[in-house]
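Asker: What would the 3D arrangement of this be:
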Amino acid sequence: MSVEQTVKGLDTTQSCIHEVDNFHKQGYAFVGRYYNVNRPEKNLTLEEAEVLSRGGIKIVAVWENGYPTTSGYFTELSGREDAKSAYDYARNVIHQPVGSAIYFTIDYDASVADLSHGIHQYMQTLVSTFKARGDAYKIGIYGSGLTCEYAIQHIPGIHYTWLAESSGWTHSRTFTGWNIRQTGSGSFHGLSIDLDEAVGSYGSFSIPL
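Answerer: Predicted coordinates:
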């Protein structure tokens, strides 16, 4: 991890459209918001992105569709479908700026065997599908320390890592190469949130207004 100063943020599945002033009061610099197909009510909307951007709060895009919580989720096919849907939502709905990131979640304590088989195929397909669609966005991976470590070491084209809060997951206490790290969870003005910190470049964005 860099010695650069960290910044505070949070992530949530709920709209933050009315929380810009509250974020500033608490020193939050960014918010992680979701893209998905199955539950559109948790998605970042263009209106919300405009409000956050106008208010000076950076956005971090997170793709999580369904339940990426077991090895069975991760295949070449799911990688292709997730990449296409995330890319198209970012580009066509949110107008997410070129060069910013979309993080994909691997939300369990994946084993070495899981990582070297289905998850490896999944991540490789994310990269190849983004390249085929113009390579406008960088790819981040959310998961355990081992998952983040594997992604950076073995998958060219993965640019960022987001370390999950679960410190009992493999290598999560020792992995220091994160760009974003979850540090806790709680509530904030009625929102269910995870607390985060980020360092250096982490793929955040504001949309053009």
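Asker: Quick check: Tyr122 touching Ser71?
Answerer: No - Tyr122 is beyond contact range of Ser71, at 9.9 Å (criterion: CB atoms under 8 Å). The C-beta positions use only the backbone N, C-alpha and C, and glycine is treated the same way.
Asker: residues contacting Phe130?
Answerer: Residues in contact with Phe130 (CB atoms under 8 Å, 6 or more residues apart in numbering) are Ala83, Tyr87, Ala136, Tyr137, Ile139, Gly157.
Asker: related to what we said a few turns ago, look at Tyr122 and Ser71 and report which has more neighbours.
Answerer: Tyr122 (26 against 18; other CB atoms under 10 Å).
Asker: Could I get the buried residue list for whichever strand or helix holds the more buried one?
Answerer: Using DSSP states H and E, Tyr122 maps to helix 120-132. With burial defined by 16 or more other CB atoms under 10 Å, the residues of helix 120-132 counted as buried are His120, Gln121, Tyr122, Met123, Gln124, Thr125, Leu126, Val127, Thr129, Phe130.
Asker: which stretches of this protein have low pLDDT?
Answerer: 1-3 (pLDDT under 70).
Asker: And the strands in it?
Answerer: Listed in chain order, the strands of the chain (DSSP state E) span 6-12, 28-35, 58-63, 101-105, 138-143, 158-163, 180-188, 191-199.
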